[in-house]
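Engineer: My questions concern the predicted model and sequence given below.
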Amino acid sequence: MEVTLLEATSEPERLVCQAARNDYMSEFVADTPFEEVMADVDGDTPRERTETLIAQLMDHGHFGPFEHPQATFAVEGVSRSCMAQLTRHRHVSFDVQSMRYVAFDDVDPADVREGAMVVVPPSATDPDWVGRNQRTADVDEADAQRREELFRETVADAVESYQELLDLGMPPEDARFVLPIGTKVNIVMSMNVRMLMHVADMRAAADAQWEIREMTEKLLDLAAEWCPVTFDYYEREMKGRKNRLAP
Ligand SMILES: Cc1cc2nc3c(=O)[nH]c(=O)nc-3n(C[C@H](O)[C@H](O)[C@H](O)COP(=O)(O)OP(=O)(O)OC[C@H]3O[C@@H](n4cnc5c(N)ncnc54)[C@H](O)[C@@H]3O)c2cc1C
């Protein structure tokens, strides 16, 4: 899996501060120098004032100003299962690689066994992995070997059947019905900072599945570079506070 920042609002935290200060100014924010906009906020430097204001907004649950900066991410190679979880978030905008217009006819089923085209979950390869609702934790070496073999065989067979169906004239949009839910997909998605925090609340949490958690941690790393003050505060004070859209 790879997650990349494609495009993002420049100076996002300046924008958050301008939007928030607008609510309490008699002057027009667009005509006021940023230093003046922030003059009443505690701190000796612009950075300190930004830190003060962002901490106050987060503490008070004043999340509206965080809706102005927007970021677009490209996600490569997550499963369609992960995609189904992600696309439940209604304030995120998505573009999803099509299986109607893209035919995966040049993938070698032997490579699928090794992780091409279908995500291999850690529970298929790690004998000690413990996941949710696992039927038994009592897995001996033979069981572990068999489940890895069965997983790899099954997904490779599915891709082979899919490609044969394409050769037999079935349209990709119908042949895809035989592909596993672990089939990889590329996604472009855009969201604002408030929504990024909400997705992190829900999907970086311990009860989310490993794949969407991993993706969300990568999003958070990129977010921390883009909006350092906000996501530093989020990591320290707010992460794990589920569904905290408002106080
Ligand atoms: C660990 C885990 C397990 C899950 N298991 C399941 C499952 O078994 N089955 C299943 O179907 N889903 C499951 N989900 C998905 C979950 O129910 C939500 O649909 C998903 O996380 C989207 O989050 P959200 O509800 O906060 O909505 P978002 O679309 O992210 O919206 C953000 C917020 O906006 C508000 N909002 C948005 N739309 C509305 C609306 N129409 N009415 C009122 N308020 C709204 C809510 O405050 C919401 O929290 C699971 C999620 C997690 C994290």
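Structural biologist: Structure received.
Engineer: could you say which helix or strand contains the residue nearest the centre of the chain?
Structural biologist: Closest to where the C-alpha atoms of the chain average out (CA atoms, centre = their mean) is residue 216, at 4.1 Å. Using DSSP states H and E, residue 216 maps to helix 210-226.
Engineer: That helix: how far from the chain's middle?
Structural biologist: On the basis of CA atoms, centre = their mean, to the nearest Å, helix 210-226 is displaced by 6 Å from the centre of the chain it belongs to.
Engineer: For the ligand, tell me whether that helix is touching it.
Structural biologist: No - using CB under 6 Å from any ligand atom, helix 210-226 stays clear of the ligand, with a minimum separation of 8.1 Å. From N, CA and C alone the C-beta is placed, and that goes for glycine too.
Engineer: how about that helix: buried residues?
Structural biologist: 211-216, 218-220, 222-223, 226 (16 or more other CB atoms under 10 Å).
Engineer: Could you do stretch 117-131 as well?
Structural biologist: In stretch 117-131, counting by 16+ other CB under 10 Å, buried: 117-121, 123-124.
Engineer: Now for these: which two are most distant?
Structural biologist: Greatest spacing in the buried residues of stretch 117-131, by CB to CB: 117 and 123 (18.9 Å).
Engineer: distance between the ends of stretch 200-211?
Structural biologist: 13 Å (CA to CA, to the nearest Å).
Engineer: I'd like the average pLDDT over that stretch.
Structural biologist: Summarised as a single mean, pLDDT over stretch 200-211 is 91.
Engineer: With stretch 83-91 instead?
Structural biologist: On average, stretch 83-91 scores 97.
Engineer: Alpha carbons of that stretch, as PDB, please.
Structural biologist: C-alpha atoms of stretch 83-91 as PDB (Å, rounded to 0.1, in the frame of the first residue of the first chain):
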ATOM      1  CA  MET A  83     -12.300   0.600   0.100                       C
ATOM      2  CA  ALA A  84     -15.800  -0.400   1.200                       C
ATOM      3  CA  GLN A  85     -14.900   0.700   4.800                       C
ATOM      4  CA  LEU A  86     -13.400   4.000   3.600                       C
ATOM      5  CA  THR A  87     -16.200   5.000   1.300                       C
ATOM      6  CA  ARG A  88     -18.700   4.900   4.200                       C
ATOM      7  CA  HIS A  89     -17.300   8.300   5.100                       C
ATOM      8  CA  ARG A  90     -19.800  10.600   3.400                       C
ATOM      9  CA  HIS A  91     -17.900  13.900   3.600                       C
END
